[in-house]
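K.L.:
next input, structure requested:
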Amino acid sequence: MKVRKIPCILVLFILCTLAATQDVASFEKRITVKKLANGLTVIILERPEAPVFSFYTHVDAGSAQDPLGETGLAHMMEHMAFKGTDKIGTRNYAAEKVALEKVEKAYTAYNAERHKRVGMDEPKLKNLEKAWQDAIQQAQQYVIPNQFGEIIEKNGGEGLNAFTDDDETGYHYSMPANRFELWAYLESERFLHPVMREFYKERNVVIEERRMRVDSNPLGRLLEQFTSEAFAAHPYHRPTVGWISDLNSFSATDAEDFFREYYVPSNMVLTVVGDIKAAEAMPIIEKYFGRLPGKPKPLDLATAEPPQNSVREVVLRDPSQPVYLEGYHRPDYMSKDDAVYDAIADVMSNGRTSRLYRSLVRDKKIAAAAGGFSGLPGNKYPHLFAFYGVPLPGHTPEEVANSIHQEIERLKTQDVSDDELKMVKTRAKATLLRSLADNQGLALHLGIEMARYGDWRELFYEVDRIDQVTKADIRRVANQTFVPVNRTVGIIETNKPAAASEGGTQ
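P.N.:
Next comes the predicted model:
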């Protein structure tokens with residue numbers, strides 16, 4: 001039997017028709033929002049399609065909040081949150097606590113000696129390092145590895161994971177609905193009674209992660225250096241994984257200080273979506289999460305990136321795939337033109353009908369891929385709108401750059417077509433519908449919207465704002481933003497060995 005393909009435009013039409021039944025009003029009937037006395041914002045969405053629920057815990061602290069000299073700490077919190085509590089993951093917490101205090105005391109002495117600029121005693125340093133490592137071994141005997149995750153899995157939990165980016169840290173998984181109270185206890189306990197156990201072991205894991213994703217990865221190195229060049233003042237110039245010198249230096253005590261400052265209820269949003277009734281679930285959430293001590297929300301970042309007034313460039317010469325990347329500073333997500341940037345990204349990059357794909361990949365055949373997007377490296381603060389291209393063999397980053405600039409100029413001097421603008425708005429509605437398809441995706445989106453705007457309804461209002469974007473808006477924003485003095489360029493050039501001279505030297 002031959003299967004007939006449904007045209008893409010028809011698929012989008014069907015999705016958008018379905019989206020009409022997934023409007024704000026239909027969600028308002030099933031969503032309950034409450035701010036607990038300690039400042040924690042809770043969202044419950046009743047969705048009884050299967051006897052399961054998913055959650056998302058949003059902490060409004062990412063690598064942009066890393067203290068100076070301690071980059072990577074926000075990311076370390078993600079790792080530590082799976083290590084258990086004073087009741088989970090330990091054979092004897094009273095003894096373990098004493099052992100961990102000895103680890104910190106030994107590390108403080110070792111770290112102070114090795115950072116002496118003058119007069120470091122090498123034999124003393126070795127003895128201090130041994131004392132620290134011995135203390136770690138003593139503490140390790142009390143650890144029950146992976147017990148937190150095993151409890152969740154044995155009770156039907158799935159998708160146990162977390163993420164850290166420049167703007168936030170998130171925790172999520174799914175469980176059967178009849179394990180709701182167990183979940184509330186477990187999730188609240190890891191924020192109420194965290195233990196920085198196996199901290200230095202996990203720090204080594206992060207160091208290896210950095211080596212793999214950045215130091216040994218040309219694209220990772222390019223992105224790190226490109227971002228550092230684009231942001232001179234704002235903390236967006238810090239890598240999420242952390243600088244290697246910081247990773248080799250910060251302590252479990254530093255991590256505890258970071259946790260106490262940012263992991264407070266007023267700085268968190270908890271979203272639960274699934275087969276639960278708010279009237280039954282909210283008292284359970286209050287019982288367990290209400291135990292978290294209330295503190296004022298931490299002050300937001302004060303440092304603003306000054307206007308860029310010259311082209312900046314980073315060039316890596318490496319025997320790897322050439323890449324071209326350029327970025328332009330743009331306002332944060334609260335900008336009145338945020339939807340216009342989304343429309344530009346769609347016109348330039350969304351699928352095989354996008355301008356950059358058609359020009360660089362299909363027609364000129366100079367690139368394997370090309371596109372543009374906002375949100376580099378984050379989007380909570382003023383950030384970059386970036387364009388990129390991956391040259392095909394025989395073509396150069398310069399060719400890619402020239403073609404991208406031609407498409408940018410066309411965007412600045414000519415209106416987009418009626419069909420292009422219509423497709424932008426249709427795809428926005430279809431994307432919204434897809435984001436509402438599962439419990440976990442809903443929990444994530446609702447939590448982020450609440451944390452960013454203070455209103456989960458913004459998930460729907462974003463589509464409305466795109467629907468109001470005009471051709472003139474696109475030209476205006478393109479002309480304001482995509483100018484040479486606002487441009488940072490990143491290039492990977494193939495590093496070819498120089499030809500040997502007749503004398504045999506290079």
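K.L.:
report the central residue of the chain.
P.N.:
D165 (2.8 Å; C-alpha atoms, centre = their mean).
K.L.:
could you report the pLDDT at A302?
P.N.:
If you check A302, the pLDDT there is 87.
K.L.:
which parts of this structure are strands?
P.N.:
31-35, 41-46, 52-59, 158-164, 169-176, 268-274, 312-318, 323-330, 367-376, 383-391, 487-494 (DSSP state E).
K.L.:
who does the longest one pair up with?
P.N.:
It refers to strand 367-376. When pairing is defined by DSSP bridges, strand 367-376 lines up against strand 383-391 (antiparallel).
K.L.:
same thing with the first one?
P.N.:
Under the criterion DSSP bridges, strand 31-35 sits next to strand 41-46 (antiparallel) in its sheet.
K.L.:
the partner strand to strand 268-274, inter-axis angle?
P.N.:
10 degrees (axes from the mean of the first three to the mean of the last three C-alpha atoms, to 10 degrees).
K.L.:
picking up where we left off before, gap between the residue nearest to the centre of the chain and V205?
P.N.:
Distance from D165 to V205, counting by C-beta to C-beta, to the nearest Å: 18 Å. (Each C-beta comes from the backbone N, C-alpha and C, glycine too.)
K.L.:
re earlier: JSON lines for the strands of the chain, including mean neighbour count and distance to P235?
P.N.:
Output for the strands of the chain, formatted as JSON lines (neighbours: other C-beta atoms under 10 Å; distance: least, C-beta to C-beta, whole Å):
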{"stretch": "strand 31-35", "mean neighbour count": "15", "distance to P235": "28"}
{"stretch": "strand 41-46", "mean neighbour count": "22", "distance to P235": "25"}
{"stretch": "strand 52-59", "mean neighbour count": "24", "distance to P235": "16"}
{"stretch": "strand 158-164", "mean neighbour count": "15", "distance to P235": "14"}
{"stretch": "strand 169-176", "mean neighbour count": "21", "distance to P235": "15"}
{"stretch": "strand 268-274", "mean neighbour count": "27", "distance to P235": "20"}
{"stretch": "strand 312-318", "mean neighbour count": "15", "distance to P235": "18"}
{"stretch": "strand 323-330", "mean neighbour count": "24", "distance to P235": "15"}
{"stretch": "strand 367-376", "mean neighbour count": "21", "distance to P235": "14"}
{"stretch": "strand 383-391", "mean neighbour count": "25", "distance to P235": "12"}
{"stretch": "strand 487-494", "mean neighbour count": "20", "distance to P235": "17"}
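K.L.:
show me the one of the ones you listed that comes nearest Y461.
P.N.:
strand 31-35 (14.8 Å; C-beta to C-beta).
K.L.:
how many neighbours does D363 have?
P.N.:
The tally of other residues near D363 (other C-beta atoms under 10 Å) stands at 10.
K.L.:
helices of the stretch 51-200 of the chain, start to end?
P.N.:
73-80, 93-114, 122-140, 147-154, 180-192, 199-210 (DSSP state H, counting those that start in this stretch).
K.L.:
please identify the deepest-packed of those helices.
P.N.:
helix 73-80 (a mean of 24; mean count of other C-beta atoms under 10 Å).
K.L.:
so for stretch 407-424, what's the average pLDDT?
P.N.:
Rounded mean pLDDT across stretch 407-424 is 97.
K.L.:
mind listing what's buried along it?
P.N.:
Neighbour-count burial for stretch 407-424, counted by 16 or more other C-beta atoms under 10 Å, picks out 407-408, 411-412, 416, 420-421, 423-424.
K.L.:
these into TSV, with extra columns for distance to A25?
P.N.:
Compiled in TSV, these are given as follows (distance: C-beta to C-beta, whole Å):
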residue	distance to A25
E407	40
I408	40
L411	36
K412	40
V416	32
E420	31
L421	27
M423	27
V424	25
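K.L.:
closest one to L446 out of those residues, please.
P.N.:
Of the buried residues of stretch 407-424, the one sitting nearest to L446 (C-beta to C-beta) turns out to be V424, at 24.0 Å.
K.L.:
pretty sure the closest one sits against A343.
P.N.:
Yes - between V424 and A343 there is a contact at 4.9 Å, judged by C-beta atoms under 8 Å.
K.L.:
any residues in contact with both of those two?
P.N.:
With contacts defined as C-beta atoms under 8 Å, 6 or more residues apart in numbering, the residues shared by V424 and A343 are 466, 469.
K.L.:
pLDDT at the closest residue to V143 other than its chain neighbours, what is it?
P.N.:
Leaving aside its chain neighbours, V143 sits nearest to R197 (5.8 Å; criterion: C-beta to C-beta, 6 or more residues apart in numbering). R197 is assigned 97 on the pLDDT scale.
K.L.:
so who does R197 touch?
P.N.:
83-84, 89-90, 96, 100, 139, 143 are the contacts of R197 under C-beta under 8 Å, 6+ apart.
K.L.:
I'd like the residues you listed as TSV, with pLDDT and distance to R317 appended.
P.N.:
Formatted as TSV, the contacts of R197 follow (pLDDT from 0 to 100; distance: C-beta to C-beta, whole Å):
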residue	pLDDT	distance to R317
K83	96	41
G84	96	46
G89	97	47
T90	98	50
E96	98	50
L100	98	46
A139	98	46
V143	98	45
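K.L.:
related to what we said a few turns ago, distance to A428 and mean pLDDT added to the strands of the chain, as CSV?
P.N.:
CSV is the format used below for those (distance: least, C-beta to C-beta, whole Å; pLDDT from 0 to 100):
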stretch, distance to A428, mean pLDDT
strand 31-35, 22, 98
strand 41-46, 22, 98
strand 52-59, 22, 98
strand 158-164, 24, 96
strand 169-176, 23, 98
strand 268-274, 22, 98
strand 312-318, 32, 96
strand 323-330, 19, 98
strand 367-376, 14, 97
strand 383-391, 17, 98
strand 487-494, 27, 96
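K.L.:
turn these into JSON lines, columns for distance to E398.
P.N.:
Below are those laid out as JSON lines (distance: least, C-beta to C-beta, whole Å):
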{"stretch": "strand 31-35", "distance to E398": "52"}
{"stretch": "strand 41-46", "distance to E398": "49"}
{"stretch": "strand 52-59", "distance to E398": "42"}
{"stretch": "strand 158-164", "distance to E398": "36"}
{"stretch": "strand 169-176", "distance to E398": "39"}
{"stretch": "strand 268-274", "distance to E398": "46"}
{"stretch": "strand 312-318", "distance to E398": "11"}
{"stretch": "strand 323-330", "distance to E398": "8"}
{"stretch": "strand 367-376", "distance to E398": "12"}
{"stretch": "strand 383-391", "distance to E398": "9"}
{"stretch": "strand 487-494", "distance to E398": "9"}
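K.L.:
hang on, the earlier thing: gap between the residue nearest to V143 and G84?
P.N.:
R197 sits 7 Å away from G84, going by C-beta to C-beta.
K.L.:
shared neighbours, those two?
P.N.:
In contact with both R197 and G84: T90, using C-beta under 8 Å, 6+ apart.
K.L.:
how about Y185: what's its closest non-neighbour residue?
P.N.:
Y288 is the one closest to Y185 (C-beta to C-beta, 6+ apart), at 5.6 Å.
K.L.:
nice, that's everything, thank you.
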